[in-house]
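Asker: I'll drop the sequence and a predicted model, then ask my questions.
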Amino acid sequence: MLETESCSIQLNQIDWNDTSCLITYGPLPHKLVLSIQSTGLIAPPLLQSKNNGFFRIVCGGRRLAACKKIGLDSPHCRVLTGSLEHQRCLRLAIYDNVAQRILNPVEKSLALAKMSHYLEETRLIDEFMPILDLEPSIALFNRYVGLHNLEGMILHALATGRLNERIAFALAKQEQGDRLAYARLFQELPFSVSVQEEIVELAEEIARKENLTPEQVLSSKEVRALRKTSKKPARQRAQAIRKHLQDRCNPRLAARRDRFGRETRDLGLPRGVRLVPPPYFEGAKWILECTFERVEELANRLRRVVQLADQPELQKIMESKIDV
Amino acid sequence: MTYNPEKLVIEEKVAGSPLVQRILSSLPGIPVQWVVRLDEDRKRETGKALEVVKFRGRFVKPCPGTRSYNCCGYQIVNFGYQCSLGCSYCILQAYFSNPNVRLFANLDDLIEQLEDYLRTSSRKVHRIGTGEFTDSLLLDHLTRLSELLVPFFAKQSNAVLELKTKTSQIDLLEKLDHRGRTIVAWSLNPPEVIEREEGAASSLEKRLEAARRCQEWGYRLAFHFDPLLAYPTWKEGYTQVVARLFSVVDPSVVAWISLGSLRFMPSLKAIIRRSHPRSTVLDEEFIPGLDGKLRYFRDLRVEMYAHLKNLLLGVEPDLCLYLCMESNDVWREALGFTPAEKGGLPTILDKQALEIVNSKF
């Protein structure tokens, strides 16, 4: 049983710099501010007195921050009376938070990192990863535990759900300059998570091949130009950057796609008929799509297709252009 | 470079096997750890130990091809797995988490299964190799396995044995009664590729010298340009290899030559980056193939195969040349026909094998 006493604490008696038990990260929820403003503090924060006369926040950091914001100067708090070792205080903070809400990835990282000073890895993984809604595995633990050390811009994006933790894990492996370059691009334009992963992979690959850094790839003239084409919607710009990186990484495939596009246009397929190469031009299965509304339309289009199938141009489209 | 392990780890139940006895007498003084049964989950970091165990599975298996590409219908006899040569592109790095070379000591079972397979299979002829999960000859100085397998195949009227290697360890082959039914095969690459990507494998010159000696001893030969690697001067590189090959080897003793471009499971990429930072094999562009492996873009593959075909058939138009794991469109464009037009790839190669087993020796 926790021994506490209730009392009003002046906000200036709180050591705001002591974040040793704090695992919260992210903007103050507007609804919390509104709630305290309209009904006062329903659940009092838990504090621990320090030797210097100040109080350390154990639980309720965000509630106190909300009080500060609305000018509630002496909120009602609970103060631990007996001495309670720091590990237990931290444990209280973690359990208090997970009981109320789902923590964001930065908070999960902070919880694991702070607790790692007191518990050995296996116990930490077994006890704390499940309550943080994480699969208890060493690999995932290693990815999460360092996440909170990333730059503020990335942490903010992570905490607010604008950056997926999978991407954060990938960025954590990068040099700082590269990491921030990716983060800026992902903030600027709407890429899905899987496309963000692809962008990281492509930029890394290009950087290796062209002896550049990923940051240099992302700030190359071509990418800069595509980022700044303000006339185009953001989604189209994102798509164009992805395609540019794909083509730059796979010049042979890009050249073949261009040639295919050109030659298919020249072939003069009838309207409603589309030739689809196998993915990556790999394998022998090509698809001819024909859409139609009436039977006569189908017959006309197919007749024209049959004529084209006899032309050497169609065969050429399907082959590489090397001199065998 | 000769493979010499730093330590032996041997299962007690195979202690008395001839293989273990041969290895122990070849490596006097080597530390030996005797175990009841090798713990598969034990982490092995060095790769310097040679493990000798009893194999409980099937020794003879079909080559793990895929339906998406033309497969040659080869059969594999596994006498062990893993390889210490350290080629950067080697798929075994991703296949096996255990870096140690492992040998199977119950060779009586191997021979029994092989006999059984050859007796009961309905196929007219069998092409059987040992070089899928390890190098066929890398450990021959320790195992003397060629002394068991080559005479065994000499007695078979429906099978040929192919020993695939990147080494020049052929000394034991000299005195063996092979009756022309063992094919000694080398994987070939230009010297600069061998130097950069093929770790402790023998140089091109040593491989060709070994081939010359095997030819002298009456063996049929085979060559595998597999993996073909694309790099800025690959055309010149492979042109020189072919020229050098036929300055040493008589094309009439060549059973077959295969061409196969680099392909690998995606998981190998990270392993190559981590374990072979000097390697340039990942510099080209790769696309996911129909089997999920990464491969060169098809137009490049066609170009490479066509170049090699022109070189090889320019020397000997009747050479039996085939593509390993390629689709019909690539076959047609690079070689001018598809396997199906000649009865299928297994049939093409079986015909060669039949000629070999039926030839007077």
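Answerer: Ah, there it is.
Asker: Tell me the residues of the stretch 51-200 of chain B that contact chain A?
Answerer: B:Ser68 (Cβ under 8 Å from any Cβ of the partner chain). C-beta: built from backbone N, CA, C; applies to glycine.
Asker: In the stretch 51-200 of chain B, what residue comes closest to chain A?
Answerer: With Cβ to the nearest Cβ as the measure, B:Ser68 is the residue of the stretch 51-200 of chain B nearest to chain A, at 7.0 Å.
Asker: what's the distance between the closest residue to that residue other than its chain neighbours and A:Gly61?
Answerer: Leaving aside its sequence neighbours, B:Ser68 sits nearest to B:Leu290 (Cβ to Cβ, 6 or more residues apart in numbering or on different chains; 3.5 Å). Plainly put, B:Leu290 is 55 Å away from A:Gly61 if you go by Cβ to Cβ, to the nearest Å.
Asker: Kindly report the same for B:Ala255.
Answerer: 77 Å.
Asker: What of A:Asn164?
Answerer: 26 Å.
Asker: Who has more neighbours out of these two?
Answerer: Shown here are A:Asn164 and A:Gly61; by other Cβ atoms under 10 Å in any protein chain shown, A:Gly61 has more neighbours (21 against 18).
Asker: Next up, phi/psi of that one, please.
Answerer: For A:Gly61, the backbone dihedrals are phi -60, psi -40 (criterion: degrees, to the nearest 10).
Asker: shouldn't it be in contact with A:Tyr25?
Answerer: No - using Cβ atoms under 8 Å, A:Gly61 is not in contact with A:Tyr25, being 10.0 Å away.
Asker: Chain B contacts on the stretch 201-324 of chain A?
Answerer: Contact residues, the stretch 201-324 of chain A versus chain B (Cβ under 8 Å from any Cβ): A:208-209, A:249-253, A:256, A:279-284, A:318-322, A:324.
Asker: If we use 10 Å, what do you get?
Answerer: A:205, A:208-209, A:249-256, A:259, A:278-286, A:318-324 (Cβ under 10 Å from any Cβ of the partner chain).
Asker: List only buried entries from those residues.
Answerer: Buried positions within these, assessed by neighbour count (16 or more other Cβ atoms under 10 Å in any protein chain shown), are A:205, A:209, A:249-250, A:252-254, A:256, A:278, A:280-283, A:318, A:320, A:324.
Asker: what residues are up against the closest residue to chain B within the stretch 101-250 of chain A?
Answerer: Proximity of the stretch 101-250 of chain A to chain B (Cβ to the nearest Cβ) peaks at A:Asn250, 4.5 Å away. A:Asn250 makes contact with A:Leu202, A:Glu205, A:Ile206, A:Arg256, A:Arg257, A:Tyr280, B:Glu284, B:Glu285, B:Phe286, B:Ile287, B:Phe297, according to Cβ atoms under 10 Å, 6 or more residues apart in numbering or on different chains.
Asker: Let's see if you can find the most crowded of the residues you listed.
Answerer: Highest count within the contacts of A:Asn250 by other Cβ under 10 Å belongs to B:Phe297, 24 neighbours.
Asker: does that one really touch B:Val330, like I thought?
Answerer: No - contact criterion Cβ atoms under 10 Å: B:Phe297 and B:Val330 do not qualify, at 11.1 Å.
Asker: Let me know how buried A:Gly60 is, in neighbour terms.
Answerer: Residues near A:Gly60, counting by other Cβ under 10 Å: 24.
Asker: Sorry, wrong one. I was asking about B:Arg332.
Answerer: Neighbours of B:Arg332 (other Cβ under 10 Å): 17.
Asker: Quick one: residues contacting A:Val195.
Answerer: A:Phe186, A:Leu189, A:Leu202, A:Ala238, A:Gln239, A:Ile241, A:Arg242.
Asker: The last one belongs to a helix, doesn't it?
Answerer: Right, the one you point to is A:Arg242. Yes - counting by DSSP: H, G, I helix; E, B strand; the rest coil, A:Arg242 is part of a helix.
Asker: Check what pLDDT it gets.
Answerer: A:Arg242 carries a pLDDT value of 97.
Asker: now swap in the one 10 residues further on and tell me
Answerer: Confidence at A:Arg252, expressed as pLDDT, is 94.
Asker: Tell me if it really is in a strand.
Answerer: No - assessed by three-state DSSP, A:Arg252 does not belong to a strand; its assignment is helix.
Asker: Quick one: residues in contact with the helix or strand containing A:Val306.
Answerer: Assigned by DSSP states H and E, A:Val306 falls within helix A:295-309. With Cβ under 10 Å, 6+ apart as the test, helix A:295-309 has contacts from A:267-273, A:275, A:288, A:290-292, A:294, A:314-315.
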